[in-house]
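Visitor: mind folding the following:
(chains A and B)
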Amino acid sequence: MTTTQEPSQHHVEHRQLDRVVIRFAGDSGDGMQLTGDRFTASSALFGNDLATFPDFPAEIRAPAGTLAGVSAFQVQISDHDILTPGDAPNVLVAMNPAALRANLGVMEVGSTLVVNVDAFDERSLHKAGYVENPLTDGSLSAFTVYEVPMTSLTQEVCKEAGVKPRDAERSKNFFALGLLSWLYNRPVEPTVDWIAARFTDRPLVAEANTRAFRAGYHFGETVELFESTYEVRPAHFEPGEYTQVTGNQALAWGLIAAARLAGLPLFLGSYPITPASDILHELSRRKEFGVRTFQAEDEIAGVGSALGAAFGGALGVTTTSGPGLDLKSETVGLAVNLELPLVVVDIQRGGPSTGLPTKAEQADLLHAMYGRHGEAPVPIVAAKTPAHCFEAAIEAARLAVTYRTPVILLSDGYLANGAEPWRLPDVDALERIDPGFATEPNHTTADGTTEFWPYVRDEATLARPWAPPGVPGLEHRIGGLEKADGSGNVSYDPVNHERMVHLRNDKIAGIADAIPPVEVDDEEGAELLVLAWGSTFGAVAAGVRRVRARGRRVAHAHLVHLNPFPKNLGEVLRRYPRVLVPEMNLGQLSRLVRAEFLVDAASVTKVQGVPFRAAEIEAAVLSHLGGAE
Amino acid sequence: MTTTAVPPTTRKDWASDQEVRWCPGCGDYSILAALQMLLPDLGVRRENTVFLSGIGCAARFPYYMNTYGLHSIHGRAPAIATGLATTRPDLDVWVVTGDGDALSIGGNHLMHALRRNVRMTILMFNNQIYGLTKGQYSPTSEIAKVTKSTPFGSLDTPFNPVSLALGAEASFVARTHDMDRQHMQEVFRRAHEHDGAAFVEVYQNCNVFNDGAFEKITGRDARASMLIPLAHGQPIRFGSDGERGVVQRSDGRLEIVDVTEVGEDALLVHDESREDPGLAFALSRLSRGPFEPTPVGVFRAVRRPEYGTEMARQVAAAQERKGLGDLKALLRSGATWTVE
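Guide: Down below sits the predicted model:
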């Protein structure tokens, strides 16, 4: 249905919604990520629960107006606890025909389309592959369509401020933001203040954006186009202080916190790669924490420099995505052999090779687990939500420092760029990390002289001493060659090698004693356990809720530690008649648990570069449950 | 860092208890000895000294030094050293590498460590062959070299390591050879004093796979006429009586001449501190290989900001401006709201 302006008495209804899903879509150059981000920020300040899903192309600027160049940002806001950015949007804001065409497939019948009608000219329609104008050919009759001349109205309102039409055109995203802010009763001030602060050195741009934003808001108010506005009331949150974070931001802050907890300087060696670069950006801004960031010549130098810093007694970290993890493998293997702390952060993206740089996937698990030559076990920690990246980073650093080992921390593109409200932790209550540097010789030779042996192990953790240079009497040499147990001297002895292989393996396996058991969101008499890891958390938890709403009993366990597994995992898996493992890969965790525990875990997979939807999890669980509902 | 006087040491203090396992007659022995004998004179502490290496024969070096040491992976030592040197400016970081390690698999890291000017002393043992893998040609092997992997002769044009380092914006570049302990020690001392990345090419004989590669220029009888010593502020001349020298022609070309023909005043005076690396580069091209008169000594030594120092300066400036980082404030750096 196309609504047109009627010159009649107009009454705008005010409706309450418990949640709404909005998708902003436009050309890569249209500023859709910014628009979505600002809508999210004002919703967060308003007190809604929310989850976001930025969905953008790998190309910085694909040809304007084409399907390849469409960039979208989806946000769900709600008055209750939500877990995902929503399955199907209720509203699509389409800034051009390509944005409409690229996103119409996810829109359900009856949902709302707000389109920038100015962009629906013949040339743009053609570029998007439309033969007929969908606004006039009746093909959108199943939707509520609002045609708004966003470009021309923005230009008009900016003209008075002396902004040229070409420049004014760039502010049309703020018009859209203003309109949606009116439609959903978002507060105006946070956005106006934000514009002023952000564009303080470019007053004309600030003026244009503010005018466009207000014009959009007033357009909704005065033009009798919309029958109702909507309100999503604040959600109920645990008392506390909140902020909104993306996964990469939380991860960077977690690294700073970990270094602080360990009393170590933080060194990041990194080579820019999507979607990990924002961690490098964030940390490079935080020099007041003593953070040293080094943009290396390549991925290998990124991890190499981090390992060198670790040898010197720093918390050495490298950040990357799949292709970079490939390149770092040899150095991670060296770190396994050197037994030095190192945190390797992999923000997974679609693979293989360059794959889908801006899309999310969980297909690096087996790479993290096995992607080195020789027997080279490393602990693996996986973040499950954007805010959880903070905790996961601290945990990765804690394991690395405590056990003198490289740790691979897995996040992905969805967590990296997705945002959610975060109840700020009490940083004073975070557990300290003890680097426990060696201070004195630890071995006495037959003739009574004392010396330092770099491979004498702690009985409880099997960790070796960490002895950064600078301490007289602890001079020692380590390297990639096999070392004699204890003295650390180069050794080619076959039995010693076997012992060292076992020791390195036992050290990592022993971490299971120190990590918490896996918690199960359980139900009495559950017929099925959904076992998952990483960024599927929201979709799986939401899917499980839906299944329960249908009266079926299911349990959900979400792994943060993937190597070693929590000690109770085998027992947990055997407690349920069925185990289902949803993953954004071809079944990597399910393969691991089948091999480790001999359980008949079924796999459900999705490798489309986009997260599972709650409905997909619901459907998968129901189909595995079988039987009548 | 301690401020007390550095206790005196002898060569023995710098040698580890590990048996040295290079092939008998390897040039590496004399380099190791030269350095172990020099270190007591440098006023440095063992506990603040780190030897880092990659892979190859030369890379075994750290095991023989009674200092902190790290024998890493092929080609990566300059990258690892960068992380160490920038976080621990109190340490003396030495990188020992070979022509394959530094110029083939690790070429990228070498080049970037040099241009960034990270404080490390890089000793590159150049024997123009792969020794540890038993005799394949290296990136410095002469063209048409017959080896196990090139039975019909190698096709690759070799690198000139000094030219490469100069091209990579190195602030200190020198060359020495394993047959002259005194010369090695003088060059190593200069390299160690340099505040930045120092690159030293050491001609080193591999008596098993490439014996005599430098014999024509470093042999006891050949040296005087085939090595051109570079001395800052001195006319460049060589020969047992200094009878030959280097002049710069009006078109910029360098040429070797008889001093009697051109006169002493016409000789090029070496200036290692020239900002423009052009003349140093021309000197590095004077010889096409170790069969023609070849310059040794310090080609270039210029002052440039050291990377780790600059990194520390940025950290200090941020702390000066914003105060020491406050974690609680960091978590509240975006918009926050309170739920009662």
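Visitor: quick one, helices of chain B?
Guide: Using DSSP state H, the helices of chain B run over residues B:11-14, B:28-38, B:77-87, B:99-100, B:107-116, B:161-167, B:181-193, B:215-218, B:223-226, B:259-262, B:278-284, B:307-322, B:327-331.
Visitor: could you dump those helices to JSON lines with mean pLDDT and mean neighbour count?
Guide: Bear in mind the C-beta positions are built from the backbone N, C-alpha and C, glycine included. JSON lines is the format used below for the helices of chain B (pLDDT from 0 to 100; neighbours: other CB atoms under 10 Å in any protein chain shown):
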{"stretch": "helix B:11-14", "mean pLDDT": "97", "mean neighbour count": "14"}
{"stretch": "helix B:28-38", "mean pLDDT": "98", "mean neighbour count": "20"}
{"stretch": "helix B:77-87", "mean pLDDT": "98", "mean neighbour count": "31"}
{"stretch": "helix B:99-100", "mean pLDDT": "98", "mean neighbour count": "28"}
{"stretch": "helix B:107-116", "mean pLDDT": "98", "mean neighbour count": "23"}
{"stretch": "helix B:161-167", "mean pLDDT": "98", "mean neighbour count": "24"}
{"stretch": "helix B:181-193", "mean pLDDT": "98", "mean neighbour count": "18"}
{"stretch": "helix B:215-218", "mean pLDDT": "97", "mean neighbour count": "19"}
{"stretch": "helix B:223-226", "mean pLDDT": "97", "mean neighbour count": "17"}
{"stretch": "helix B:259-262", "mean pLDDT": "96", "mean neighbour count": "13"}
{"stretch": "helix B:278-284", "mean pLDDT": "98", "mean neighbour count": "20"}
{"stretch": "helix B:307-322", "mean pLDDT": "98", "mean neighbour count": "15"}
{"stretch": "helix B:327-331", "mean pLDDT": "97", "mean neighbour count": "16"}
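Visitor: CSV for these, including distance to residue A:579?
Guide: Output for the helices of chain B, formatted as CSV (distance: least, CB to CB, whole Å):
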stretch, distance to residue A:579
helix B:11-14, 61
helix B:28-38, 59
helix B:77-87, 43
helix B:99-100, 51
helix B:107-116, 47
helix B:161-167, 58
helix B:181-193, 62
helix B:215-218, 71
helix B:223-226, 76
helix B:259-262, 88
helix B:278-284, 67
helix B:307-322, 50
helix B:327-331, 37
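Visitor: would JSON lines of the ones you listed with distance to chain A be doable?
Guide: JSON lines is the format used below for those (distance: least, CB to the nearest CB, whole Å):
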{"stretch": "helix B:11-14", "distance to chain A": "10"}
{"stretch": "helix B:28-38", "distance to chain A": "14"}
{"stretch": "helix B:77-87", "distance to chain A": "3"}
{"stretch": "helix B:99-100", "distance to chain A": "16"}
{"stretch": "helix B:107-116", "distance to chain A": "4"}
{"stretch": "helix B:161-167", "distance to chain A": "15"}
{"stretch": "helix B:181-193", "distance to chain A": "16"}
{"stretch": "helix B:215-218", "distance to chain A": "30"}
{"stretch": "helix B:223-226", "distance to chain A": "35"}
{"stretch": "helix B:259-262", "distance to chain A": "45"}
{"stretch": "helix B:278-284", "distance to chain A": "22"}
{"stretch": "helix B:307-322", "distance to chain A": "4"}
{"stretch": "helix B:327-331", "distance to chain A": "5"}
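Visitor: nearest approach to residue A:144 belongs to which of these?
Guide: Of all the helices of chain B, it is helix B:327-331 that lies closest to residue A:144, at 41.2 Å by CB to CB.
Visitor: what's in contact with the closest one?
Guide: In this structure, residues lying in contact with helix B:327-331 by CB atoms under 8 Å, 6 or more residues apart in numbering or on different chains are A:243, A:253, A:256-257, A:260, A:286, A:289, A:424-425, A:427.
Visitor: tell me, which of the residues you listed make contact with chain B?
Guide: Restricting these to those within reach of chain B (CB under 8 Å from any CB of the partner chain) leaves A:243, A:253, A:256-257, A:260, A:286, A:289, A:424-425, A:427.
Visitor: contacting residues for the closest residue to residue B:111 other than its chain neighbours?
Guide: Computed as CB to CB, 6 or more residues apart in numbering or on different chains, the closest residue to residue B:111 that is not its neighbour in sequence is residue B:168, at 4.3 Å. Counting by CB under 8 Å, 6+ apart, residue B:168 makes contact with B:110-112, B:114-115.
Visitor: restricted to buried residues, select the contacts of helix B:327-331 in PyMOL.
Guide: Selection command for PyMOL covering only the buried members of the contacts of helix B:327-331, criterion 16 or more other CB atoms under 10 Å in any protein chain shown:
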select buried, chain A and resi 243+253+256+257+260+286+289+424+425
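Visitor: got the contacts of helix B:327-331 as CSV, with pLDDT and secondary structure columns?
Guide: CSV is the format used below for those (pLDDT from 0 to 100; DSSP: H, G, I helix; E, B strand; the rest coil):
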residue, pLDDT, secondary structure
A:243, 94, strand
A:253, 98, helix
A:256, 98, helix
A:257, 98, helix
A:260, 98, helix
A:286, 98, coil
A:289, 98, helix
A:424, 97, coil
A:425, 97, coil
A:427, 96, helix
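Visitor: give me the number of neighbouring residues for residue 295.
Guide: Picked chain A for this. The number of residues packed near residue A:295 is 14, by other CB atoms under 10 Å in any protein chain shown.
Visitor: nope, chain B please
Guide: Neighbour count of residue B:295, defined by other CB under 10 Å: 24.
Visitor: that one contacts residue B:284, doesn't it?
Guide: Yes: in this structure, residue B:295 is within contact of residue B:284 by CB atoms under 8 Å, at 7.3 Å.
Visitor: pLDDT below threshold where in the stretch 1-150 of chain B?
Guide: Applying pLDDT under 70 to the stretch 1-150 of chain B picks out residues B:1-3.
Visitor: residues contacting the residue of the stretch 51-200 of chain A found nearest chain B?
Guide: In the stretch 51-200 of chain A, the residue that lies nearest chain B is residue A:190 (7.0 Å; CB to the nearest CB). Counting by CB under 8 Å, 6+ apart, residue A:190 touches A:41-42, A:45, B:335.
Visitor: can you redo the residues you listed as CSV with secondary structure, distance to residue A:18 and pLDDT?
Guide: Shown next, in CSV, are those (DSSP: H, G, I helix; E, B strand; the rest coil; distance: CB to CB, whole Å; pLDDT from 0 to 100):
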residue, secondary structure, distance to residue A:18, pLDDT
A:41, helix, 21, 92
A:42, helix, 19, 91
A:45, helix, 19, 89
B:335, coil, 24, 88
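Visitor: which two in those residues are spaced the farthest apart?
Guide: Across those, the longest distance by CB to CB is 9.1 Å; it joins A:42 and B:335.
Visitor: neighbour-wise, which of those two wins?
Guide: residue A:42 (21 against 15).
Visitor: and stretch A:515-533, end to end?
Guide: 16 Å (CA to CA, to the nearest Å).
Visitor: oh, that last question was meant for stretch B:229-244, not what I typed.
Guide: End-to-end span of stretch B:229-244 (CA to CA): 11 Å.
Visitor: buried residues, that stretch. List them.
Guide: For stretch B:229-244, the neighbour count (16+ other CB under 10 Å) marks B:229-230, B:235-239, B:244 as buried.
Visitor: can you redo the residues you listed as CSV with distance to chain A?
Guide: Shown next, in CSV, are those (distance: CB to the nearest CB, whole Å):
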residue, distance to chain A
B:229, 34
B:230, 30
B:235, 39
B:236, 35
B:237, 40
B:238, 38
B:239, 43
B:244, 41
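Visitor: okay, these in TSV with pLDDT next?
Guide: As requested, the buried residues of stretch B:229-244 are arranged in TSV below (pLDDT from 0 to 100):
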residue	pLDDT
B:229	98
B:230	98
B:235	98
B:236	98
B:237	97
B:238	98
B:239	97
B:244	98
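Visitor: surely residue A:442 and residue A:457 touch.
Guide: No: if you go by CB under 8 Å, residue A:442 and residue A:457 don't touch, sitting 10.3 Å apart.
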